[in-house]
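J.: okay, here's the prediction I keep looking at, along with the sequence it came from:
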Amino acid sequence: MVSAVFHSPREAASALAPASEQAAKARRIDTPAAPRPVRDPFDWRALFGHVVPPLAGMALLVGIWALLTQKGGDFPTPLATFDAAVKLFANPFYDKGPNDQGIGWNVLASLERVGLGFGLAALVGIPLGFVIGRFATLNRMVSPLISLLKPVSPLAWLPIGLLVFKSADPAAIWTIFICSIWPMVINTAVGVQRVPEDYLNVARVLKLSEWKIATRILLPSVMPYMLTGVRLSVGTAWLVIVAAEMLTGGVGIGFWVWDEWNNLNVAHIIVAIFVIGFVGLLLEWLLMAIAKRFDYS
Amino acid sequence: MSRNDKPMLQINEVGMTFATKRGPFVALRDISLDIQRGEFVSLIGHSGCGKSTLLNLVAGLTNPTAGVLLLDDRELKGPGPDRGVVFQNHSLLPWLSCHDNVYLAVERVFADRESKAQLRERSLAALELVGMGHAAAKRPHEISGGMKQRVGIARALAMEPKMLLMDEPFGALDALTRARLQDELMKIVAKTDTSPGATVMMVTHDVDEAVLLSDRIVMMTNGPAATIGQVLQVDLPRPRNRVEMVEDRAYAHCRKEVLDFLYMRHSHVERTA
């Protein structure tokens, strides 16, 4: 009879609020009313402050480059490089056999390897990080191994890949996998260990099920750490792929650089350096944007 | 019927000793206290006197190393939704809206009996009870500290618990907001007041808050090995008005009793660790 001393708040509230339209309005919680931000007049000065310094930095680089290559030599001038770039990008997706493809194909081939290697690393690394973070014994078991393997240069893993897979492409993917797994494992584990005690106490006083704890408390709480790990991993993967492809050959931006070096086409190498940097930047931006989405503070 | 005469909470000879690196640390000893149905009891004492430890024992977050706790005649073993806990720092999950924070608790208790629409209605009703119906879709970081604490209270109440446990619920708020929430807490408690009444146990270090809200004030001696030093019955008529209370002699007497205990007999000595 006296199962609950507290009155149902429902009854209490209905007695309290005389079914006002305000209450009715609040009932429609499915459509959160996003307040429309007030448009300020366009801030030209801020734009100026944000756009001019980076452009000046870029100009400085190109200026020094032009100055140093003024007298000629092996190194192409900025203008020659720009011409080469225009020609390259005029037709980035041509295909004249496996050893002569447009730069677009090469970048895409590299991205595909990175995607595969990184994707597999995420598939293994994130769950691994979760269990390491949750169980101290496992953590003590695995930590020394991680500490030992983490600083190993990516290229040291390549022969192992070649040995096991007997083929260049899987070996490159393997190298990406093994190098990009560590930041995800470590960051996820740290995130799990740092779930605020308060949130876990909420779970305890509510006696939530393990599934609810995992989905409602652990996962959202760990997400920012995990995404930092993912960002570091993608960065590493993109660093590693160029080196790996130089050794394995085939289609890919790394091998393309090496190929152009054999052709002594330095302008193309410089273009490739910019392209690699730009793609890396794009990946970083993309992941930052995703991370922002999960930032609750 | 006879069940109603029994205390809601019985704390019998409870002690709490923590194992630390420097050996056992006795936080609480010989705590015996009964809380009747519908009673509002405050725990007051200097910081480090173990009042939060005692509340955590009732919440089931820690288990006593001595003695036994009975809630509604059943031994307490671990936490459970029959006790609604309001944390000092609100502890709302920042990735859930206010509604979803409450819903998480409601779902836990009523999901096997009620439809989703009913659960949602319950959550909203709880929010409206604390005057937060308008912020149901907002995330905790979009609302003020006082509002967060209201949602925390709504979450605890929505479970229809046997007891409400509050750990310095208004400690982190500014004085004006605190006063408003105290007034509203009194109203909410009165509103949930069926014949046995709302049973509340609150930890506080604010003498006025304790006197204004409580039916009884439990004053704790200083730790380590803290225990109950004195229990003061606050026989002030309800509803209580904070402005009128200032000139009330009974109020002044209660206030003096507590101050006397805290600052004359058990004044806090800051220890260097």
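T.: Now that the structure is in, tell me what you want to look at. Numbering: from 1, shown residues only, chains lettered A, B, ... in the order given.

J.: name the next helix or strand following the helix or strand bottoming out on mean pLDDT in chain A along the chain.
T.: Here the helix or strand of chain A ranked lowest by mean pLDDT, DSSP states H and E is helix A:21-27, holding a mean of 47. Note on helix A:21-27: by DSSP states H and E, the next helix or strand toward the C-terminus is helix A:44-68.

J.: for that next one, buried residues please.
T.: Neighbour counts using 16 or more other C-beta atoms under 10 Å in any protein chain shown place A:Trp65 of helix A:44-68 among the buried residues. For glycine as for every other residue, the C-beta is placed from the backbone atoms N, C-alpha and C.

J.: mean confidence for it?
T.: The predicted model gives helix A:44-68 an average pLDDT of 89.

J.: any figure for the gap between A:Ile276 and A:Leu282?
T.: Per C-beta to C-beta, to the nearest Å, A:Ile276 is found 11 Å from A:Leu282.

J.: looking at the two, which is more packed in?
T.: More crowded of A:Ile276 and A:Leu282, by other C-beta atoms under 10 Å in any protein chain shown: A:Ile276, with 20 against 11.

J.: in terms of helices and strands, where is the more buried one?
T.: Going by DSSP H and E, A:Ile276 is part of helix A:266-293.

J.: what does B:Val58 give?
T.: helix B:51-59.

J.: after that helix, next one along is what?
T.: Downstream of helix B:51-59 (by DSSP H and E), the next one is strand B:66-71.

J.: pLDDT (mean, whole number) over the helix or strand following that following strand?
T.: Beyond strand B:66-71 on the C-terminal side, the first helix or strand identified by DSSP H and E is strand B:74-75. Across strand B:74-75, the average pLDDT comes to 91.

J.: with stretch A:138-157 instead?
T.: Here the average pLDDT along stretch A:138-157 is 89.

J.: now the end-to-end length of that stretch.
T.: Taking C-alpha to C-alpha, to the nearest Å, the first and last residues of stretch A:138-157 lie 25 Å apart.

J.: and that stretch, how far out from the chain middle?
T.: 21 Å (C-alpha atoms, centre = their mean, to the nearest Å).

J.: now stretch A:64-78
T.: Taking mean C-alpha positions (C-alpha atoms, centre = their mean), stretch A:64-78 and its chain are 35 Å apart.

J.: ditto for stretch A:86-103
T.: So, by C-alpha atoms, centre = their mean, the centroid of stretch A:86-103 is 27 Å from its chain's centroid.

J.: give me the buried positions along it.
T.: A:Leu88, A:Gln101, A:Gly102, A:Ile103.

J.: which ones among those lie within helices?
T.: A:Leu88, A:Ile103 (DSSP state H).

J.: measure the residue nearest the centre of chain A to A:Leu128 for me?
T.: For chain A, the residue nearest the mean C-alpha position is A:Arg231 (3.2 Å; C-alpha atoms, centre = their mean). Distance, A:Arg231 to A:Leu128, using C-beta to C-beta: 18 Å.

J.: who touches the one helix or strand A:Asp259 maps to?
T.: Assigned by DSSP H and E, A:Asp259 belongs to helix A:253-262. For helix A:253-262, the surrounding residues in contact (C-beta atoms under 8 Å, 6 or more residues apart in numbering or on different chains) are A:99, A:103, A:106-107, A:109-110, A:241-246, A:248-249, A:266, A:268-269, A:272-273, A:275-276, A:279.

J.: ok, now which ones touch B:Thr74?
T.: Just to correct that, residue B:74 is Arg rather than Thr. With C-beta under 8 Å, 6+ apart, B:Arg74 has no contacts at all.

J.: next one: it from B:Ala252, what distance?
T.: 40 Å.

J.: likewise for B:Asn89?
T.: From B:Asn89 to B:Ala252 the distance is 33 Å (C-beta to C-beta).

J.: and the stretch 101-250 of chain B, which residues reach chain A?
T.: B:104-105, B:108, B:120-122, B:124-129, B:133-134, B:136-139, B:141, B:154, B:157-164, B:191-194, B:196-199 (C-beta under 8 Å from any C-beta of the partner chain).

J.: the helices in chain B, which residues?
T.: B:2-5, B:51-59, B:98-110, B:116-129, B:145-158, B:175-191, B:207-213, B:242-245, B:249-259.

J.: report the rounded mean pLDDT for the helix holding A:Asp259.
T.: 90.

J.: how about low-confidence regions in the chain?
T.: Chain wasn't specified; assuming chain A. Scanning chain A for pLDDT under 70 picks out the ranges A:1-40, A:297.

J.: ah, I was thinking of chain B
T.: Using pLDDT under 70, the flagged stretches of chain B are B:1-4, B:192-197, B:268-273.

J.: pretty sure B:Leu69 contacts B:Gly15?
T.: No. Contact criterion C-beta atoms under 8 Å: B:Leu69 and B:Gly15 do not qualify, at 11.6 Å.

J.: who's more crowded, these two?
T.: A side-by-side neighbour count of B:Leu69 and B:Gly15, using other C-beta under 10 Å, places B:Leu69 first with 21 against 17.

J.: got the contact list for the residue in the stretch 51-200 of chain A positioned nearest to chain B?
T.: Relative to chain B, the nearest point of the stretch 51-200 of chain A is A:Asp198 (4.2 Å; C-beta to the nearest C-beta). For A:Asp198, the contacting residues are B:Phe87, B:Asn89, B:Ser91, by C-beta under 8 Å, 6+ apart.

J.: quick one: the closest residue to the last one other than its chain neighbours from B:Glu168, how far?
T.: Put plainly, it is B:Ser91. The shortest distance from B:Ser91 to any residue other than its chain neighbours is 4.2 Å, reached at A:Asp198 (C-beta to C-beta, 6 or more residues apart in numbering or on different chains). Counting by C-beta to C-beta, the gap from A:Asp198 to B:Glu168 is 14 Å.

J.: repeat for B:Ala252
T.: From B:Ala252 to B:Glu168 the distance is 24 Å (C-beta to C-beta).

J.: near chain B, which residues of the stretch 101-250 of chain A? Just list them.
T.: Checking the stretch 101-250 of chain A against chain B by C-beta under 8 Å from any C-beta, the hits are A:198-199, A:201-202, A:204-208, A:212, A:216-217, A:220-221.

J.: and these as a markdown table, adding distance to A:Gly133?
T.: Formatted as a markdown table, these follow (distance: C-beta to C-beta, whole Å):
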| residue | distance to A:Gly133 |
| --- | --- |
| A:Asp198 | 18 |
| A:Tyr199 | 14 |
| A:Asn201 | 18 |
| A:Val202 | 19 |
| A:Arg204 | 18 |
| A:Val205 | 22 |
| A:Leu206 | 22 |
| A:Lys207 | 22 |
| A:Leu208 | 18 |
| A:Lys212 | 18 |
| A:Arg216 | 17 |
| A:Ile217 | 13 |
| A:Pro220 | 15 |
| A:Ser221 | 11 |
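
J.: scan these and report the most crowded one.
T.: Most surrounded of these: other C-beta under 10 Å gives A:Val205, at 29 neighbours.

J.: surely that residue touches B:Leu55?
T.: No. Judged on C-beta under 8 Å, A:Val205 makes no contact with B:Leu55 at a distance of 11.3 Å.

J.: coming back round to it: of B:Ala252 and B:Glu168, which one has the most company?
T.: B:Glu168 (20 against 13).

J.: for B:Val41, find the nearest of the helices of chain B.
T.: For the helices of chain B, the distance to B:Val41 is smallest for helix B:207-213, at 9.6 Å, taking C-beta to C-beta.

J.: next up, the contacts around A:Thr175.
T.: A:Gly117, A:Pro154, A:Leu155, A:Trp157, A:Leu158, A:Gly161, A:Val240, A:Ala244.
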